[in-house]
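> Got a predicted model here, sequence first, then my questions.
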Amino acid sequence: MALSYSRLVKTPVLTTIHGFSSPRIMPAYEKYRDGYFVSIRNSDRAPGLNYLATVYDGIDLSLYPRLEAARNSGCAAEAGAASRQHFLNFRPLPQGQ
């Protein structure tokens, strides 16, 4: 956890909270509550941590016209998360779509 090194460097460390895997992880966050945190949803916030903002987990696909061009050429863009790893996947569309 990079958070544990945050007091060893002069550069501010920003930690993004993607939810808490278990209540057992909370003591680690509470120990560094004076650090800088952002959450991806307000519901992922824990009381007492120093949150700077909520940065919602997702992108506005309309801002990326190449994705629409890829879809029109017979490929689909698929965005999502699996095992908390983000991905963007292009795949051929089934016939008739």
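That came through, no problem.

> Could you count how many residues lie near Phe37?
20 (other C-beta atoms under 10 Å). In this view, the C-beta of every residue, glycine as well, is placed from N, C-alpha and C.

> in what helix or strand does it lie?
In the assignment (DSSP states H and E), Phe37 maps to strand 36-39.

> Please spell out which residues along that strand are buried.
By 16 or more other C-beta atoms under 10 Å, the buried positions in strand 36-39 come out as 37, 39.

> Alpha carbons only: can I get that strand in PDB?
These are the backbone C-alpha positions of strand 36-39, laid out as PDB (Å, rounded to 0.1, in the frame of the first residue of the first chain):
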ATOM      1  CA  TYR A  36      -5.100  13.200   0.900                       C
ATOM      2  CA  PHE A  37      -7.900  11.100  -0.500                       C
ATOM      3  CA  VAL A  38     -10.400  11.100  -3.300                       C
ATOM      4  CA  SER A  39     -13.300   8.600  -3.700                       C
END
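
> ok, residues contacting it?
12-17, 45, 49-55 (C-beta atoms under 8 Å, 6 or more residues apart in numbering).

> between those, which is nearest Lys31?
For the contacts of strand 36-39, the residue nearest Lys31 by C-beta to C-beta is Leu49; the value is 10.9 Å.

> Doesn't the closest one belong to a helix?
No. Counting by DSSP: H, G, I helix; E, B strand; the rest coil, Leu49 is not found in a helix; it is coil.

> Test my guess that it contacts Ala28.
No. Counting by C-beta atoms under 8 Å, Leu49 sits too far from Ala28 to count as a contact (11.3 Å).

> Just confirm Arg41 contacts Gly58, I think it does.
No. With contact defined as C-beta under 8 Å, Arg41 does not reach Gly58; the gap is 10.2 Å.
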